[in-house]
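Student: Have a look at this prediction, sequence included:
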Amino acid sequence: AQKVTQAQTEISVVEKEDVTLDCVYETRDTTYYLFWYKQPPSGELVFLIRRNSFDEQNEISGRYSWNFQKSTSSFNFTITASQVVDSAVYFCALSVDTGANSKLTFGKGITLSVRP
Amino acid sequence: EPEVTQTPSHQVTQMGQEVILRCVPISNHLYFYWYRQILGQKVEFLVSFYNNEISEKSEIFDDQFSVERPDGSNFTLKIRSTKLEDSAMYFCASSAETGPNTGELFFGEGSRLTVL
């Protein structure tokens, strides 16, 4: 069975601070996919990134960056120079299905509050 | 940009009533999903659907739930006799079979169900 642990439940920062959201996953499969989703107060789920288990190259996209470490089963997400609009719940998720059938196992989410 | 659409955005119903939540997946996607999020909790997988049949379902998806693709565009979730604990946000999602986004789930904005 798959498991995603987001140990942090709530984080509060002041605007312009950097913040890292932690994610630890468990799976016995060697091929898997990791995701981050953002859920703003309006409730929809917004896709942020997907990483394949065989691609450990870390990525930077604007103010967002991701650190994938297979050795520690972690897939952390950093927001640089946070903004009030970043306030949301952030979910890490894992899928082990091959092909297109993508059943996701979600973590419990981290509520990020960015204060002006 | 193509998107998954869901109706209604919010439905209030009495316990024991039947509810149908509707979704229009992205047109060239072939995998469809329903997920559920009880208020303040994590997003949970309910069911996946491919080639006009259920490909996987969770233990939450009991006999009170059913899914259907009645025509070429809609994908529905029916709850036969709602219970208080069915109150949640229900997300529809779809994914492509091939291409660079294979396995990436595109979520709708959710349908909030309130059972009184």
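Tutor: Yep, that arrived. Numbers count the residues shown, from 1 in each chain, chains lettered A, B, ... in the order given.
Student: Could you check how far residue B:58 is from residue A:84?
Tutor: Per C-beta to C-beta, to the nearest Å, residue B:58 is found 36 Å from residue A:84. Where C-beta positions appear, they are placed from N, C-alpha and C, glycine not excepted.
Student: same question, residue B:51
Tutor: Counting by C-beta to C-beta - residue B:51 and residue A:84 are separated by 45 Å.
Student: Next: residue B:76.
Tutor: For residue B:76 relative to residue A:84 (C-beta to C-beta), the value is 38 Å.
Student: same check, this time on residue A:2
Tutor: 34 Å.
Student: helices or strands up against the worst-scoring helix or strand of chain A on mean pLDDT?
Tutor: With mean pLDDT, DSSP states H and E as the measure, the helix or strand of chain A carrying the lowest mean pLDDT is strand A:59-61 (a mean of 81). When contacts are defined as 3 or more C-beta pairs under 8 Å, 6 or more residues apart in numbering or on different chains; DSSP states H and E, strand A:59-61 sits against strand A:46-52.
Student: before we move on, back to that, quick one: which of residue B:58 and residue A:84 has more around it?
Tutor: residue B:58 (16 against 10; other C-beta atoms under 10 Å in any protein chain shown).
Student: Next up, identify which helix or strand the nearest residue to that one once chain neighbours are set aside is on.
Tutor: Distance criterion C-beta to C-beta, 6 or more residues apart in numbering or on different chains; nearest residue to residue B:58, sequence neighbours excluded, is residue B:45 at 5.2 Å. In the assignment (DSSP states H and E), residue B:45 maps to strand B:43-50.
Student: so how far is that strand off the chain centroid?
Tutor: Relative to its chain's centre, strand B:43-50 lies at 7 Å (C-alpha atoms, centre = their mean, to the nearest Å).
Student: Any chance you could list what contacts it?
Tutor: With contacts defined as C-beta atoms under 8 Å, 6 or more residues apart in numbering or on different chains, strand B:43-50 is touched by A:45, A:91, A:93, A:101, A:103-106, B:30-38, B:54-58, B:60-61, B:65, B:67, B:69, B:75, B:77, B:90-91.
Student: for stretch B:104-111, same thing?
Tutor: A:35, A:37, A:42-45, A:47, A:50, A:102, A:104, B:2-11, B:21, B:23, B:25-26, B:29, B:33, B:35, B:37, B:89-96.
Student: Now which of the residues you listed would you call buried?
Tutor: When the contacts of stretch B:104-111 are checked for burial by 16 or more other C-beta atoms under 10 Å in any protein chain shown, the buried set is A:35, A:37, A:44-45, A:47, A:50, A:102, A:104, B:4, B:6, B:11, B:21, B:23, B:25-26, B:29, B:33, B:35, B:37, B:89-96.
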